[in-house]
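Asks: Could you look at this predicted model? Sequence included:
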Amino acid sequence: MHAQVDPQARQQLAVDVVEAKTRKNLTWQELADTAGLSPAYVTAALLGQHALPADAAEAVAERLDLKADAAVLLQTVPLRGSIPGGTPTDPTVYRFYEMVQVYGTTLKALIHEQFGDGIISAINFRLDVRKIDDPEGGHRAVITLDGKYLPTKPF
């Protein structure tokens with residue numbers, strides 16, 4: 001595995017991926033099926049937040065008709081973080097910040113693909129946190145964010 005030290009190459013590749021996905025009228029789910037991995041992981045990877053395994057990277061690059069070096073670049077560990085700005089210092093809050101840094105653009109892409117242009121309300125909203133046993137030992141936190149979808153309305 002190789003790591004990126006400058007986010008620009010992966011950012012440009014993400015732009016190329018979205019352009020090819022749009023041109024071919026593909027969904028993130030179809031690209032995930034091509035990769036053989038989950039939609040959230042593949043979307044995050046294609047938006048520059050994860051590395052893909054070699055076979056998945058090659059399959060997706062071929063499906064999107066990307067340049068030959070794209071499959072290699074998709075396999076590199078990116079410099080993660082898709083949202084610029086200040087960093088929270090509280091460890092618990094920081095972990096949520098980290099989750100949004102890695103999955104924020106993925107959530108946005110998946111929400112807009114499924115619902116259209118709009119937002120998830122933080123006012124008409126439910127949050128649930130549950131503690132469950134982890135089959136591998138210890139516990140897991142199950143966090144449900146349930147917000148009403150509010151479409152953008154032209155005026």
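Replies: Cool, got the structure.
Asks: Stretch 122-137 - what's its average pLDDT?
Replies: Average pLDDT, stretch 122-137: 93.
Asks: before we move on, what about stretch 106-115?
Replies: Per-residue pLDDT over stretch 106-115 has a mean of 96.
Asks: Report the buried residues of it.
Replies: 106-107, 109-111 (16 or more other C-beta atoms under 10 Å). The way it works is simple: take the backbone N, C-alpha and C, and place the C-beta from them, glycine included.
Asks: of these, closest to residue 29?
Replies: Proximity of the buried residues of stretch 106-115 to residue 29 (C-beta to C-beta) peaks at residue 110, which lies at 9.0 Å.
Asks: who touches stretch 54-63?
Replies: For stretch 54-63, contacts defined as C-beta atoms under 8 Å, 6 or more residues apart in numbering pick out 24, 26, 31, 34-37, 42, 46, 52, 66, 70-72, 74-75.
Asks: Give me the subset of those lying in helices.
Replies: Judged by DSSP state H, the contacts of stretch 54-63 include 31, 34-35, 42, 46, 70-72, 74 as members of helices.
Asks: Buried ones among the residues you listed?
Replies: When those are checked for burial by 16+ other C-beta under 10 Å, the buried set is 31, 34-35, 42, 46, 70-71, 74.
Asks: Closest to residue 139 out of the residues you listed?
Replies: Among those, and counting by C-beta to C-beta, the member closest to residue 139 is residue 42, at 27.8 Å.
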